[in-house]
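S.K.: just coords:
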């Protein structure tokens, strides 16, 4: 057996014998790039404290990964198709691992954001490569099953990230959540060379770099606008980004319609199956990422679980994803994609609707059913959508197909965090103001508490600390009148601290319910649109790639 697998996937006339081992490598690569985001949600409080991050800094620590990740996937997927899909995967793992080391060594907001951006570039190489290599390695009859396992891995990563990060944060600092990616990336890199066959497109046409750069421009500007506008206000930067995104999209569409070999044939969006599948992916991850954003905060801050306990309590979602994936593997061939995707989206809407019952008295038990239903919904809906998107592309454009699927996912996730996160923040701020009306809380302290639920609890803790200091001074006071006065002040502050803590928890719980209602409405309307858009029946086969003798003779590197 060769140490490095050199026989191209396109050259073999039989299915690759170790294709399921290769799938394990692709799923491992997918696992770390999804976990890089979800792990950060539980590491963020420690990072904020240690680096003295502002809310804007923290937002860009999270989203510094997303902008290059979403913007570069289409162009890098096309480059991988032309030159080497496995090469793109290996390079992506190297860049991702290097960014993780950079993040581990970072000592300030700017360097952490830069490290996250480098990791985003690596992810933009890895993500479309995993899907294109999967599609190139597996015969069409097995591809749906392989994509189901790939999707289940993404669902596992959503829940596993907080568990891994929480376990690390027990004994290590937040930087360890970066470093853990390095050995995993190294194992995946070596295994890719040994187990994953090289692959590239069977044609040697020039890449449409103009179209690729236009896609980078408009997607990057759109994601920047989605992040900047809702969180920091519609100032000149956000409005400029919106204008650039609109102009860039128009230029991209016009260029692609005229180009003889476009990087993405935008006419594909006229196909109902393709358009419906992309819309379903975007809407679903809008709901999933938005809900995940505020559920982890509720578990940590309101219910008081530490990072590890929070991650463990998200595991029902991961288990349900696997069950849902098994169900879709059984149901889709029998009832069709339209019904399994629609059922999954209805389930996602129901999960968000259940979260509208959350209030200040809710316990973890109130979250179990929504998490399980949401996990089942992910498993039901996403595998058929991904299979439909990949099946719309010929073998020569599998990297582009993977990039389209993943761009829809990232745009949906970015919109979910931005829109639902902004709504959550506004709702929480307003409800906290109402709950503390008539109190003697200074305006500056209220403004600080309204910034986030974590800041609200910090203000309550600060008031409590002040009460304890006064109580200690009263205990050592020599003058009985002074001691009595200090005790009275301490009691008043202690009561204020309890009132503030209760107000923060109640305000955030109400904001979660309000935001979940908005998310349920959006996903519910989207479910109707997708159900109307998706056609009945099986998908038509994509145009096969034209394999050239030159490719067979020269091999693929």
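M.R.: Everything's here; your move. None of these values were measured; they are calculated from a predicted model.

S.K.: from residue 221, how far off is residue 236?
M.R.: Using C-beta to C-beta, to the nearest Å, residue 236 is found at 14 Å from residue 221. Heads up, the C-betas are built off the backbone N, CA and C, glycines and all.

S.K.: now do the shared contacts for these two.
M.R.: Shared contacts of residue 236 and residue 221 (C-beta atoms under 8 Å, 6 or more residues apart in numbering): none.

S.K.: what about those two, which has more around it?
M.R.: residue 221 (22 against 7; other C-beta atoms under 10 Å).

S.K.: read off the pLDDT value for that one.
M.R.: pLDDT, residue 221: 92.

S.K.: all helices for the stretch 101-250 of the chain, in order.
M.R.: Per DSSP state H, counting those that start in this stretch, the stretch 101-250 of the chain carries helices over the ranges 109-137, 140-171, 176-179, 181-195, 209-232, 236-258.

S.K.: ok, residues contacting the last one?
M.R.: By that I understand helix 236-258. 208, 210-211, 214-215, 217-219, 221-222, 224-225, 228-229, 232, 262-267.

S.K.: got it, and the shortest one?
M.R.: Counting by C-beta under 8 Å, 6+ apart, helix 176-179 makes contact with 39-40, 43, 100-101, 103-104, 106, 115, 164-165, 168-169, all of which sit outside it.

S.K.: now the buried members of the residues you listed.
M.R.: The neighbour-count criterion (16 or more other C-beta atoms under 10 Å) marks 39-40, 43, 100-101, 103-104, 106, 115, 164-165, 168-169 among the contacts of helix 176-179 as buried.

S.K.: okay, these in a markdown table with distance to residue 244 and pLDDT next?
M.R.: Putting the buried ones among the contacts of helix 176-179 into a markdown table (distance: C-beta to C-beta, whole Å; pLDDT from 0 to 100) gives the following:
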| residue | distance to residue 244 | pLDDT |
| --- | --- | --- |
| 39 | 32 | 81 |
| 40 | 27 | 81 |
| 43 | 32 | 81 |
| 100 | 30 | 94 |
| 101 | 33 | 95 |
| 103 | 28 | 91 |
| 104 | 34 | 91 |
| 106 | 29 | 89 |
| 115 | 26 | 94 |
| 164 | 37 | 85 |
| 165 | 35 | 84 |
| 168 | 39 | 86 |
| 169 | 39 | 84 |
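
S.K.: for residue 235, what are phi and psi?
M.R.: In this entry, residue 235 is assigned phi and psi values of phi -90, psi -170 (degrees, to the nearest 10).

S.K.: please name the nearest non-neighbouring residue to it.
M.R.: residue 228 (8.0 Å; C-beta to C-beta, 6 or more residues apart in numbering).

S.K.: for that neighbour, give its distance to residue 525.
M.R.: Residue 228 sits 26 Å away from residue 525, going by C-beta to C-beta.

S.K.: same thing with residue 472?
M.R.: From residue 472 to residue 525 the distance is 57 Å (C-beta to C-beta).

S.K.: compare residue 228 and residue 525 (neighbour count), which wins?
M.R.: Counting neighbours by other C-beta under 10 Å for residue 228 and for residue 525 shows that residue 228 has the greater number, 23 against 12.

S.K.: could you pull up the contacting residues of that one?
M.R.: Counting by C-beta under 8 Å, 6+ apart, residue 228 has contacts 235, 237-238, 241.

S.K.: likewise residue 186?
M.R.: By C-beta under 8 Å, 6+ apart, the neighbours of residue 186 are 93, 97.

S.K.: for it, report the pLDDT, please.
M.R.: Predicted confidence (pLDDT) for residue 186: 95.

S.K.: likewise for residue 9?
M.R.: 62.

S.K.: repeat for residue 71
M.R.: 91.

S.K.: equivalent analysis for residue 67, please.
M.R.: For residue 67, pLDDT reads 87.

S.K.: cool, residue 28 as well?
M.R.: 93.

S.K.: what about stretch 349-367, how long is it end to end?
M.R.: Terminal residues of stretch 349-367 are spaced 15 Å apart (C-alpha to C-alpha, to the nearest Å).

S.K.: list the buried residues in that stretch.
M.R.: 349-356, 358, 362, 367.

S.K.: looking at those residues, which are in helices?
M.R.: The members of the buried residues of stretch 349-367 that map onto helices under DSSP state H are 349-354, 367.

S.K.: I'd like to check the angle between the host helix or strand of residue 56 and helix 109-137, please.
M.R.: Residue 56 is part of helix 55-63 when elements are defined by DSSP states H and E. Helix 55-63 runs at 20 degrees relative to helix 109-137, counting by axes from the mean of the first three to the mean of the last three C-alpha atoms, to 10 degrees.

S.K.: need the residues that contact helix 55-63.
M.R.: 37, 40, 44, 47-48, 51, 53, 109, 112-113, 116, 223, 227, 231-232, 414, 417, 451-452.

S.K.: repeat that for stretch 111-126.
M.R.: By C-beta under 8 Å, 6+ apart, stretch 111-126 touches 29-30, 33, 36, 47, 51, 57, 60-62, 64-73, 76, 80, 88-89, 91-100, 102-103, 105-106, 178, 181.

S.K.: let's see that with 7 Å instead.
M.R.: 29, 33, 36, 51, 60-61, 64-69, 72-73, 76, 88-89, 91-93, 95-96, 98-100, 102-103, 106 (C-beta atoms under 7 Å, 6 or more residues apart in numbering).

S.K.: quick check: ChimeraX command selecting the buried ones in those residues.
M.R.: Buried members of these, defined by 16+ other C-beta under 10 Å, are picked up in ChimeraX with:
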select :29,33,36,51,60,61,64,65,66,67,68,69,72,73,76,88,89,91,92,93,95,96,98,99,100,102,103,106
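
S.K.: circling back to that earlier point, and the buried ones among the contacts of helix 176-179, which is closest to residue 130?
M.R.: residue 100 (17.9 Å; C-beta to C-beta).
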